[in-house]
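Novice: Give the three-dimensional model of this entry:
(one chain, ligands or ions: 2)
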Amino acid sequence: MVNVLVVGSGGREHALGWKLAQSPKVDKVYFAPGNGGTQNNVNISSDDIESLAEFAKENDCVTVVGPEVPLSNGIVDEFVKKGLRVFGPTRDAAQLESSKIWAKNFMKRNGILTARFEVFDDSTKAIEYAKSVDYPLVVKADGLAAGKGVIVCDNSSEAVDAINKMLVQKNFGAAGLRIILEERIDGVEASFIALSDGNTAYSMATSQDHKRIYDDDKGPNTGGMGTYSPTPVIDDSTANEIQKNVIEKTIASMKKEGIVFKGFLYAGIMLKDGKPYVLEFNARMGDPECQPIMMRMDSDLFEYIQACIDGTLSSLPRMSWKKHSAVCVILASKGYPESYPRDEQILGLDDVTPNSQVFHSGTRKEDGKILTSGGRVLGVTAVGETLEAAIANAYLRVGKINWPSKYYRTDIGKKGLAWRK
Ligand SMILES: Nc1ncnc2c1ncn2[C@@H]1O[C@H](COP(=O)(O)OP(=O)(O)O)[C@@H](O)[C@H]1O
Ligand SMILES: [Mg+2]
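Specialist: Ligands and ions are numbered 1, 2, ... in the order given. Below you'll find the model as predicted:
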């Protein structure tokens, strides 16, 4: 029996730890730093690589890294150097996420379908280009920007504004000193996540995020307001195509370029005319995709993580998934993704309803009370025999939980229902 250290503090980490704790091979699951809903919290920031390594060594832990920032800072490289067992991509492998320009060029040279694009660091040239194309553009900062570095434009004047924000006003700091102007693809978006040992990649269950803050996909983008799994948007033949032409091709091309990609590989997909365009890669699990996916996973996640670390994934069968649907509704604090109140007490967490699970993100515990501490606060997740039933179960639990600034979308999963008709 070994212990697990989950690095991070979001709903994704809570869900990963919840699933890993169910493994008969795992003794204790620690979270660093964790949140108000996780047990065995260790007071070390997810950026303090040295202290995390020390803790993992002293407590005989296999470490699972949730967020992108420590990965792109090379947490895995450091752990491996110290002989510690860790699941996640190295700094070089995490470039697939940490530099959008690197990822776009990688896709281009390896023939992975993605929107056409140009790279700029000069605002005059970028503006000239934006005015010269006759299709709508998306303007993207190169570096990590916590989900805020992409501006989807309707016309060239919006694109010029976005270019100025990044290259002239430098609102995105170093992350926005180089930018991508890419063609806007209008289609249906879905998430496709796999795990890999660097040679073999097995897909996780499909899912669809709801990125906008308001119902009917209105308002600004957020880190994600809800998800459901599986999604009918990715049917079996599309899933096979993405698995082969995106996931396996990426892992093989990385290997060919001398980079072993171990970890979760997340492809943000836009389906248009039946073709899957890669919008971006993430080098980690999605949040909130992780929550419903973990509730549907039948296999022992820990076994798969161990096999990825050892490079023996192909010796295991493909992962198995429960037939039921799962839905995660994010409860946020009003004002998110801009400013929002904190330190409000959350009530009703003990009012448990069947088939549901509450994963915490922006919460903390103080004097036995659970207080809000972030924009996205809870991921209320439920399963049901059908998508309709899962939605009903999730919203039943949502109704039991309250705090003054509670806000949530009321239409999570509806896109999946509409798709079937
Ligand atoms: N080429 C594109 N066409 C249409 N929409 C896009 C395109 N690229 C990104 N988007 C939209 O912007 C969102 C954020 O872009 P993404 O590349 O995923 O960056 P990040 O998640 O780092 O903010 C996507 O989820 C999608 O809704
Ligand atoms: Mg994205």
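Novice: For burial, what's the neighbour tally of E128?
Specialist: Per other CB atoms under 10 Å, the neighbour tally for E128 reads 11. In this view, the C-beta of every residue, glycine as well, is placed from N, C-alpha and C.
Novice: can you confirm it is in a helix?
Specialist: Yes. Counting by DSSP: H, G, I helix; E, B strand; the rest coil, E128 is part of a helix.
Novice: For the closest residue to ligand 1 within the stretch 201-350 of the chain, which non-adjacent residue is spatially closest?
Specialist: Residue nearest to ligand 1 within the stretch 201-350 of the chain (CB to the nearest ligand atom): E280, separated by 3.5 Å. In space, E280 comes closest to G268 once its chain neighbours are excluded; the distance is 4.6 Å by CB to CB, 6 or more residues apart in numbering.
Novice: likewise Y408?
Specialist: Closest to Y408 by CB to CB, 6+ apart is L331, at 5.0 Å.
Novice: Does the one you found belong to a helix, a strand or coil?
Specialist: Per three-state DSSP, L331 ends up strand.
Novice: in the sheet, who's paired with it?
Specialist: L378 (DSSP bridges).
Novice: neighbours around it, how many?
Specialist: 26.
Novice: about what we covered before: sheet-wise, list the partners of the host helix or strand of the residue of the stretch 201-350 of the chain closest to ligand 1 with their directions.
Specialist: Assigned by DSSP states H and E, E280 falls within strand 275-282. Paired neighbours of strand 275-282 in the sheet (DSSP bridges): strand 262-272 (antiparallel).
Novice: mind listing what's buried in the partner strand?
Specialist: For strand 262-272, the neighbour count (16 or more other CB atoms under 10 Å) marks K262, G263, F264, L265, Y266, A267, G268, I269, M270, L271 as buried.
Novice: what do you get for stretch 78-85?
Specialist: Those would be E78, F79, L84, R85, for stretch 78-85 by 16+ other CB under 10 Å.
Novice: wait, isn't the second one in contact with A56?
Specialist: Yes. Assessed by CB atoms under 8 Å, F79 is found in contact with A56 at 7.1 Å.
Novice: overlap in contacts of the two?
Specialist: Counting by CB atoms under 8 Å, 6 or more residues apart in numbering, the contacts common to F79 and A56 are T63, V86.
Novice: Now for the residue lying closest to I163 once chain neighbours are set aside: which residues touch it?
Specialist: Sequence neighbours aside, A126 is the residue nearest to I163 in space, at 4.7 Å (criterion: CB to CB, 6+ apart). By CB under 8 Å, 6+ apart, A126 lies in contact with F120, I163, L167, I179, L181.
Novice: Among the residues you listed, which has the minimum pLDDT value?
Specialist: Within the contacts of A126, L167 has the lowest pLDDT, namely 91.
Novice: mind listing what L181 touches?
Specialist: Taking CB under 8 Å, 6+ apart, one finds 117-118, 120, 126, 129-130, 133, 137-140, 159, 163 in contact with L181.
Novice: Cross-check those against ligand 1 and keep the overlap.
Specialist: V138 (CB under 6 Å from any ligand atom).
Novice: Adding secondary structure as columns, could you present the contacts of A126 in a markdown table?
Specialist: Listed next are the contacts of A126 as a markdown table, based on three-state DSSP:
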| residue | secondary structure |
| --- | --- |
| F120 | strand |
| I163 | helix |
| L167 | helix |
| I179 | strand |
| L181 | strand |
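Novice: Any of the residues you listed buried? List them.
Specialist: Buried among the contacts of A126 by 16+ other CB under 10 Å: F120, I163, L167, I179, L181.
Novice: what's the first one in contact with, if anything?
Specialist: Contacts here follow CB under 8 Å, 6+ apart; on that basis F120 touches A126, Y129, I163, L167, R178, I179, I180, L181.
Novice: I'd like to know how many residues surround the nearest residue to the fourth one once chain neighbours are set aside.
Specialist: This points to L167. Spatially, and ignoring its direct neighbours in sequence, L167 is nearest to S123 (4.0 Å; CB to CB, 6+ apart). Residues near S123, counting by other CB under 10 Å, number 16.
Novice: Distance of S123 relative to ligand 1?
Specialist: 20 Å (CB to the nearest ligand atom, to the nearest Å).
Novice: was I right about that residue contacting I163?
Specialist: Yes. With contact defined as CB under 8 Å, S123 counts as touching I163 (5.7 Å).
Novice: Flag every residue of this structure that's near ligand 1.
Specialist: Close to ligand 1, as judged by CB under 6 Å from any ligand atom, the chain has residues 115, 138, 147, 149-150, 152, 182, 184-185, 189, 211, 221, 268, 270, 279-280.
Novice: Could you tell me which of these count as buried?
Specialist: Among those, those classed as buried by neighbour count (16+ other CB under 10 Å) are 115, 138, 149-150, 182, 185, 189, 211, 221, 268, 270, 279-280.
Novice: Between those, which sits nearest Q22?
Specialist: G268 (28.5 Å; CB to CB).
Novice: Show me where this protein dips below the pLDDT cut-off.
Specialist: 420-421 (pLDDT under 70).
Novice: care to break it down by domain?
Specialist: Here the domain parsing of the chain from automatic domain parsing is 2-91, 116-183, 188-315, 325-420.
Novice: can those go into JSON lines with extra columns for distance to N110?
Specialist: Formatted as JSON lines, these follow (distance: least, CB to CB, whole Å):
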{"stretch": "domain 2-91", "distance to N110": "17"}
{"stretch": "domain 116-183", "distance to N110": "15"}
{"stretch": "domain 188-315", "distance to N110": "4"}
{"stretch": "domain 325-420", "distance to N110": "31"}
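Novice: Quick check: which of those domains is nearest to F106?
Specialist: Per CB to CB, nearest to F106 of these: domain 188-315, 7.1 Å.
Novice: Just send the contacts of L181 back as JSON lines, with distance to S299 too.
Specialist: Shown next, in JSON lines, are these (distance: CB to CB, whole Å):
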{"residue": "F117", "distance to S299": "37"}
{"residue": "E118", "distance to S299": "43"}
{"residue": "F120", "distance to S299": "45"}
{"residue": "A126", "distance to S299": "47"}
{"residue": "Y129", "distance to S299": "47"}
{"residue": "A130", "distance to S299": "47"}
{"residue": "V133", "distance to S299": "46"}
{"residue": "L137", "distance to S299": "42"}
{"residue": "V138", "distance to S299": "36"}
{"residue": "V139", "distance to S299": "40"}
{"residue": "K140", "distance to S299": "35"}
{"residue": "A159", "distance to S299": "45"}
{"residue": "I163", "distance to S299": "46"}
